[in-house]
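Participant: the sequence and its predicted three-dimensional model are supplied below.
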Amino acid sequence: MVALLPDPSARPQLRLTFDINQTVMIGDGILGHTPRDCILEDLRRLERRGELQGRDVEEELEKMLAKLRLPSGDFCILLPGFLRLIRDLHEAKRDFSVAFSTFGSDLPNVAQDWNRFCEGRHPLHEGFLMPSRRLDLDDADSCGYLLRQGSESDDEIFLIQGRIDLAPGSCSSGWGQTTPEDFLKWYETGQPADRVLRGAAAVRDFFDSAAREGRTVAVRNCYPHWAANGRKASAGKVHFVHQGPSASSHALFIDDLAGTGEGGRGIVDCRCLTNPEERLDIRETLGVHVVATKPLDAVRDIGYLSTLVADAEEAFANRMGSTDSRNSPCSQITSDGLPPPGIQKVAGSASPIPSNRRFRFAAWAWLLRGCLCLS
């Protein structure tokens, strides 16, 4: 399989960020929902819509639960299709990075399962080794709480490195009995000053550095801020995107709640990598830098996530080859690596790239779809 893939150095680095609940793990620790609970809820929803086509709910439930069981009979934590995707990328010698992004308290369980996968101890991948990708939640450079406060037009972003716990006082509807300022003070207490990153640029650098080095990182996002702001994308999970013909990376965020809703509702706040204060219109990034996953499909088909990534890679190649959006601040890069001054509005993406490079992208997308047939 590796010999058939195009030269990995010909493609931008793939920077993958994964939501956890209902994306790479079936279940919801916040709500106390088990895999059975979540799958049954989704199947009942399909039944009400008439989309099960006469299939029995309980029978479908048992079929899908069987796909989540390990040889021991226990339920898996990370989805088999997710682990298959990562292994295929690694064995294809693809330049990629992994980040986990969640609102919940599930990072310790995810890290435990991820690390046994990287260390060759996972029952579905015994002997497979990827030790440099381990996630160390005791390492302040590998995790943090992403605190946000302020209004949509004047918000502030902080990353408290080494912390994934939730400050007390908040509730499901927002800040509850506390305030953003009290949240920050709580995290700052006893925290070294250099472990509190302030501003979008500093947070961008945290993710960018980890991706360049191939280190796995994880962040717990600020649910109180998102809830208090009507669950809008602009208050959600920050995602830094590099666009333009000089792009050295393809950032892709995969989340079951990705997309657009009424009044700007969403979960991913896309920012320009080279100008991190500038937001990108989610409608311009869907399918290319942000992809919505369907939990039931991810359970049914072990190749589902691989197909999503391949489709996004192909869309990214096409976007880079378009000629209708050359004025993006992300595509106009000066010699010092910064966007030119005076650009305020984020547009589309890029100008043409050589046709042979577009071919390599298309070939990668096509071959990734076929990886499972050769594994």
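Facilitator: In hand now; what should we look at?
Participant: okay, buried residues for stretch 16-30 please.
Facilitator: Across stretch 16-30, burial judged by 16 or more other CB atoms under 10 Å covers 16-29. To be clear about C-beta, it is placed using only N, CA and C from the backbone, and glycine gets the same treatment.
Participant: quick one: which of those residues is nearest to A251?
Facilitator: Minimum distance to A251 across the buried residues of stretch 16-30 is 7.2 Å, recorded for T17 (CB to CB).
Participant: before we move on, what SS does the closest one have?
Facilitator: Assigned state for T17: strand (three-state reduction, DSSP: H, G, I helix; E, B strand; the rest coil).
Participant: which residues of the stretch 151-300 of the chain fall in strands?
Facilitator: 154-161, 196-198, 217-221, 237-241, 249-255, 268-272, 275-279, 290-292 (DSSP state E, counting those that start in this stretch).
Participant: so what's I86 up against?
Facilitator: Contacts for I86 were tallied using CB atoms under 8 Å, 6 or more residues apart in numbering; they are V98, F117, M130.
Participant: give the contact list for the closest residue in space to D256 that isn't next to it in sequence.
Facilitator: Distance criterion CB to CB, 6 or more residues apart in numbering; nearest residue to D256, sequence neighbours excluded, is Q22 at 4.2 Å. Shown in contact with Q22 (CB under 8 Å, 6+ apart): D28, C38, D256, L257, T293, P295.
Participant: the fifth one: neighbour count?
Facilitator: The number of residues packed near T293 is 22, by other CB atoms under 10 Å.
Participant: ok, now the third one?
Facilitator: Counted with other CB under 10 Å, residues neighbouring D256 total 17.
Participant: V291 is in contact with that one, correct?
Facilitator: No. Taking CB atoms under 8 Å as the definition, D256 is not a contact partner of V291, at 10.1 Å.
Participant: what do these two both touch?
Facilitator: Shared contacts of D256 and V291 (CB under 8 Å, 6+ apart): none.
Participant: quick one, which of the strands of the stretch 151-300 of the chain is nearest to E126?
Facilitator: strand 217-221 (24.4 Å).
Participant: who are the packing partners of the closest one?
Facilitator: Under the contact criterion of 3 or more CB pairs under 8 Å, 6 or more residues apart in numbering; DSSP states H and E, strand 217-221 touches strand 96-102, helix 107-118, strand 143-151, helix 200-213.
Participant: if we use 7 Å, what do you get?
Facilitator: In terms of contacts (3 or more CB pairs under 7 Å, 6 or more residues apart in numbering; DSSP states H and E), strand 217-221 is packed against strand 96-102, helix 107-118, strand 143-151.
Participant: I267 is nearest to which of these?
Facilitator: Nearest to I267, of all the helices and strands packed on strand 217-221, is strand 96-102, at 9.6 Å by CB to CB.
Participant: partner strands of the closest one and their direction?
Facilitator: Using DSSP bridges, the strands paired with strand 96-102 in its sheet are strand 13-18 (parallel), strand 217-221 (parallel).
Participant: what about the closest residue to A298 other than its chain neighbours, how many residues nearby?
Facilitator: Take A298 and drop its neighbours on the chain: the residue closest to it by CB to CB, 6+ apart is Y304, 5.0 Å away. Using other CB under 10 Å, Y304 has 21 neighbouring residues.
Participant: okay, Y304 and I254: tell me how far apart.
Facilitator: To I254, Y304 is 11 Å away according to CB to CB, to the nearest Å.
Participant: verify the stated contact: R195 with R163.
Facilitator: No. In this structure R195 lies outside contact range of R163 using CB atoms under 7 Å: 8.4 Å.
Participant: between these two, who's got more neighbours?
Facilitator: Using other CB under 10 Å as the criterion, R195 and R163 rank with R163 on top: 21 against 16.
Participant: spatially nearest residue to the more buried one (excluding sequence neighbours)?
Facilitator: Closest residue to R163 apart from its sequence neighbours, by CB to CB, 6+ apart: Y145 at 4.6 Å.
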